[in-house]
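> The following block contains a protein sequence and its predicted model.
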Amino acid sequence: KAGVTQTPRYLIKTRGQQVTLSCSPISGHRSVSWYQQTPGQGLQFLFEYFSETQRNKGNFPGRFSGRQFSNSRSEMNVSTLELGDSALYLCASSLRVDGSPLHFGNGTRLTVT
Amino acid sequence: KNEVEQSPQNLTAQEGEFITINCSYSVGISALHWLQQHPGGGIVSLFMLSSGKKKHGRLIATINIQEKHSSLHITASHPRDSAVYICAVGNYGGSQGNLIFGKGTKLSVKP
């Protein structure tokens, strides 16, 4: 069974641009969560989707958004990029929204210049 | 004060040593996760537990809900165990991905 796939692996963008990151969950998993990891703040929860509905959102500005498609693949978008958005963005999938283990992807490393 | 505190921040051990990493939290939880992150970024979920003790190979995780404390033990440590170990807690409420993370413990095991 293929694991969680995140694309692209690396991305370099300029301040003010926007970016879209993709996450394909393990087949059959319907829940996808997104996280941001920076050296200063560590890992922080961005949002969680289940069956195309956003279940919860972390404390991030509205420039961060996401969506989930009917095949459970998810995308997150960051508009008007700032230098501080440089981070490793990780997604994780699980079978359900309660009590099932999380499976993480390898992340997308975003650098904003 | 952080809601999830890990100790130690850094740990260096000799191959074969018994290792303990601690995690204390201050919020009500549905489950606690122990995660392993190697250089390069990918994260592996080691344990998800809500009570008692779990064992997988040389790894053991325990949790004491009353004391809001969990420990991760590695027996007979090996250089391949070198990684960052992260504790995370969640309170489901229908959103188990909504986790609060500790800052991580960087473990280096020397041959």
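In hand now; what should we look at?
> quick one: low-confidence ranges for the chain?
With no chain named, the answer covers chain A. Within chain A, the set of residues satisfying pLDDT under 70 comprises A:1.
> other chain: chain B
When the per-residue scores of chain B are filtered using pLDDT under 70, the ranges that remain are B:1, B:92-95.
> Give the closest residue to the closest residue to chain A within it in space, chain neighbours not counted.
Taking C-beta to the nearest C-beta, chain A has its nearest neighbour within chain B at B:Gly97, 2.8 Å off. Backbone N, C-alpha and C define where each C-beta goes, glycine included. Sequence neighbours aside, A:Ser33 is the residue nearest to B:Gly97 in space, at 2.8 Å (criterion: C-beta to C-beta, 6 or more residues apart in numbering or on different chains).
> near chain B, which residues of chain A?
For chain A, the residues found near chain B under the criterion C-beta under 8 Å from any C-beta of the partner chain are A:31-33, A:35, A:37, A:42-45, A:48, A:55-56, A:58, A:88, A:90, A:92, A:94, A:96-107, A:109.
> can you do 6 Å?
Residues of chain A that fall close to chain B, judged by C-beta under 6 Å from any C-beta of the partner chain: A:33, A:42-43, A:45, A:48, A:55-56, A:88, A:97-98, A:101-102, A:104, A:106-107.
> got a list of what A:Val19 touches?
For A:Val19, the contact set (C-beta atoms under 6 Å, 6 or more residues apart in numbering or on different chains) comprises A:Lys13, A:Val78.
> show me the contacts for B:His33.
Applying C-beta under 6 Å, 6+ apart to B:His33 gives the contacts B:Met48, B:Ala88.
> List the neighbouring strands of the helix or strand harbouring it plus their orientation.
Secondary-structure element containing B:His33, defined by DSSP states H and E: strand B:31-37. Next to strand B:31-37 in the sheet, as set by DSSP bridges, lie strand B:43-49 (antiparallel), strand B:83-90 (antiparallel).
> picking up where we left off before, bridging residues for the residue nearest to B:Gly97?
Using DSSP bridges, the bridge partners assigned to A:Ser33 are A:Glu48, A:Ala92.
> That one contacts A:Ala92, correct?
Yes - between A:Ser33 and A:Ala92 there is a contact at 5.0 Å, judged by C-beta atoms under 6 Å.
> quick one: which of those two has more around it?
For the pair A:Ser33 and A:Ala92, the greater number of neighbours falls to A:Ser33 (31 against 26), based on other C-beta atoms under 10 Å in any protein chain shown.
> quick check, B:Arg80 in a helix?
Yes - according to DSSP: H, G, I helix; E, B strand; the rest coil, the state of B:Arg80 is that of a helix.
> got the contact list for the residue lying closest to it once chain neighbours are set aside?
In space, B:Arg80 comes closest to B:Val109 once its chain neighbours are excluded; the distance is 7.9 Å by C-beta to C-beta, 6+ apart. Taking C-beta under 6 Å, 6+ apart as the definition of contact, the neighbours of B:Val109 are B:Ala13, B:Glu15, B:Ser77, B:Pro79, B:Asp81, B:Ser82.
> Check the offset of the helix or strand containing B:Val109 from the chain's centre.
Under the assignment given by DSSP H and E, the secondary-structure element containing B:Val109 is strand B:105-110. The gap between the average C-alpha position of strand B:105-110 and the chain average comes to 13 Å, counting by C-alpha atoms, centre = their mean, to the nearest Å.
> buried set for it?
When neighbours are counted by 16 or more other C-beta atoms under 10 Å in any protein chain shown, the buried residues of strand B:105-110 are found to be B:Thr105, B:Leu107, B:Val109.
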